[in-house]
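1. here is my input; please provide its structure:
(one chain, ligands or ions: 1)
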Amino acid sequence: MTAGLSWLHCIVCGKSYDTLEVRYLCDCGGLLEVVHNLERLRHEHPNLRDRFDARLGKSQTVYASGVWRYHEMILPELPLEAIVSKPEGNTNLYRNPKLSRAFNLERLYVKHEGENPTLSFKDRGMTAGVSWARCLGMKTVACASTGDTSAAMAAYAAQAEDMQGVVFLPHEKVSPEQLAQAIGYGARTLALDTDFDGCMKLVQELCAQTPIYLLNSMNSFRIEGQKAIGLETLQQLGWRVPDWFVIPVGNAGNISALGKGLLEARHLGLIDRLPRIAGVQAAAADPFYLSWRGGFREKITVVAKPTLASAIRIGAPVSHDKAARVIRQFDGVVAEASEAELMEAKALADRCGLAVCPNSGVALAGLRKLRADKTIADGDTVVVIATAHGAKFSQIGVDYHTGRLPGLPPKQPNPPTVLPADIAAIRRALGY
Ligand code: F0G
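-> Numbers count the residues shown, from 1 in each chain. Sure, this is the predicted structure:
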């Protein structure tokens, strides 16, 4: 480890801690964040853009990762040889003419984080979290999850030598594909009779009482890895800054990471202005939206109701304070989407050839609203973060197209046609 490049800082009282101390919150109860010595970084690497660009295509090195390409900005103290990487990132930034037309937005991009190794953006945070855990000598790592964090943690723990994952899942509230990932990768999987927020409380208790290392996004080192979504997007845009990022919000770690990375990128001279950021929630689980509507005067929590966007069914977002700060710093807005809106938006993206998850549908549905009320203007360049792959939620896709989602008649169903294995019947069905 190289000491002195980074430290932990409380966002409430400003107290600092050493990065090698195992802690998730400040003594005052405030959230912590990793702060890097940006002045030193700027001085030592005046041409970070060139440095990052030169690493593109270095396939057999750790820089092949879409996280560790930005090592100096992620965890500069972490030795390269300690990194557990698959590699992750390098996800496509799609420009899709059909989708652009549907939103009447010429410069619309979808950053498809479902193209990560475990099919969600969580791999970016987890390569950082598990690598850090290994450096600290942790043998057991744990998280509560709505399904994607657990899949990623289980996969990276499985790859690290000598590390066991422990996963807390809300029983029967994650998709079969997500459950299959956690158990398949060998994590000790506990399905608890509660919701995500209940799991989150219990896993914090467990980690406070035992030497088990907590790898939810309240672990600041995970946030550092997730910053790479924004950095990689900027690099793919030739370091041009879009007008907007639109991102779904659940526990609020990802939007916090996006904002932190962009601020640091500006500080280091990689970009010269900031985009605006729109966070979007499902109406069934919208505490952050409600808090925003009240001007963030109060931190509202709710009991999250069932939603097709099950990965963001969260009533008490752990990173609320960081996310609220990001909305303020980026002249941001928060929107929400109904079940019908999020599902139709997902189905639309799928029809355009981009298999996205219902949680990403929430972001797209939010974009539709922000276009309708002109918050996002015709000429704006917009990047929507699609957070996971549609293949993680396949039953929802089938149920939509076969009209089996209760109360949600599909606008454009495309059910399979069941036919005898007979050429005449096939031609009739196809109209030839
Ligand atoms: N999209 C997907 C697919 C997710 O899995 C999550 C969070 C989010 C969006 C929201 O990100 O929580 O940082 O605001 N999933 C967590 C999990 C909670 O356990 O997998 P966030």
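2. retrieve the pLDDT associated with A3.
-> Note for A3: predicted pLDDT of 62.
3. K227 and the ligand, how far apart?
-> Per Cβ to the nearest ligand atom, to the nearest Å, K227 is found 12 Å from the ligand. For glycine as for every other residue, the C-beta is placed from the backbone atoms N, C-alpha and C.
4. that residue and S256 touch, don't they?
-> No. Contact between K227 and S256 fails when scored by Cβ atoms under 8 Å: they sit 9.4 Å apart.
5. tell me the secondary structure for the closest residue to Y185 other than its chain neighbours?
-> Spatially, and ignoring its direct neighbours in sequence, Y185 is nearest to A154 (3.6 Å; Cβ to Cβ, 6 or more residues apart in numbering). Applying DSSP: H, G, I helix; E, B strand; the rest coil to A154 yields a three-state assignment of helix.
6. these two touch, right, A154 and L179?
-> No. Using Cβ under 8 Å as the test, A154 is too far from L179 to be in contact (10.5 Å).
7. which one of these two has more residues nearby?
-> A154 (28 against 18; other Cβ atoms under 10 Å).
8. which residues in the stretch 1-150 of the chain form helices?
-> Taking DSSP state H, counting those that start in this stretch to define them, one finds helices in the stretch 1-150 of the chain at 38-44, 48-54, 71-74, 97-103, 122-135, 148-159.
9. for the fifth one, buried residues please.
-> Put plainly, it is helix 122-135. Residues of helix 122-135 classed as buried by neighbour count (16 or more other Cβ atoms under 10 Å): 122-135.
10. what is the nearest of those residues to the ligand?
-> Closest approach between these and the ligand, by Cβ to the nearest ligand atom: K122, at 5.8 Å.
11. excluding chain neighbours, what is closest to the closest one?
-> Spatial nearest neighbour of K122, excluding adjacent residues (Cβ to Cβ, 6+ apart): A152 at 3.7 Å.
12. hang on, that neighbour packs against G125?
-> Yes. The pair A152 / G125 is scored as a contact, 7.4 Å apart, by Cβ under 8 Å.
13. which residues of this structure lie near the ligand?
-> Residues of the chain that fall close to the ligand, judged by Cβ under 6 Å from any ligand atom: 120, 122, 145-149, 217, 248-254, 311-312, 357, 359, 387-388.
14. among these, which are in strands?
-> Among the residues of the chain next to the ligand, the members found in strands (DSSP state E) are P248.
15. just the buried ones from the residues of the chain next to the ligand, in ChimeraX syntax?
-> To isolate in ChimeraX the members of those that are buried, counting by 16+ other Cβ under 10 Å, one can use:
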select :120,122,145,146,147,148,149,217,248,249,250,251,252,253,254,311,312,357,359,387,388
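16. which residues sit in contact with the residue nearest to A228 when sequence neighbours are not counted?
-> Among residues not flanking A228 along the chain, V67 sits closest, at 4.3 Å (Cβ to Cβ, 6+ apart). Residues in contact with V67, defined by Cβ atoms under 8 Å, 6 or more residues apart in numbering, are I74, S85, P87, E88, G89, R124, T127, A128, G225, A228.
17. number of residues surrounding the residue nearest to the second one when sequence neighbours are not counted?
-> When you say that, I think you mean S85. Leaving aside its sequence neighbours, S85 sits nearest to S65 (Cβ to Cβ, 6+ apart; 4.6 Å). Neighbours of S65 under the rule other Cβ under 10 Å: 25.
18. now do the strands in this protein.
-> For the chain, the strands defined by DSSP E occupy 6-10, 16-17, 32-36, 93-95, 107-112, 140-144, 164-170, 188-192, 213-214, 244-248, 276-282, 333-337, 381-386.
19. could you dump the ones you listed to CSV with mean pLDDT?
-> Listed next are those as CSV, based on pLDDT from 0 to 100:
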stretch, mean pLDDT
strand 6-10, 97
strand 16-17, 97
strand 32-36, 98
strand 93-95, 98
strand 107-112, 98
strand 140-144, 98
strand 164-170, 98
strand 188-192, 98
strand 213-214, 98
strand 244-248, 99
strand 276-282, 99
strand 333-337, 98
strand 381-386, 99
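20. L342: neighbour count?
-> Residues contacting L342 under the criterion other Cβ under 10 Å number 31.
21. dump the residue contacts of it.
-> A282, T307, L308, A309, P358, G361, V362, L364, A365.
22. list only buried entries from those residues.
-> Using 16+ other Cβ under 10 Å as the burial test, the contacts of L342 include A282, T307, L308, A309, P358, G361, V362, L364, A365 as buried.
23. isn't the fourth one up against G361?
-> Yes. Counting by Cβ under 8 Å, A309 sits close enough to G361 to count as a contact (6.9 Å).
24. give the residue spans of the protein that score low on pLDDT.
-> Residues of the chain meeting the criterion pLDDT under 70: 1-3.
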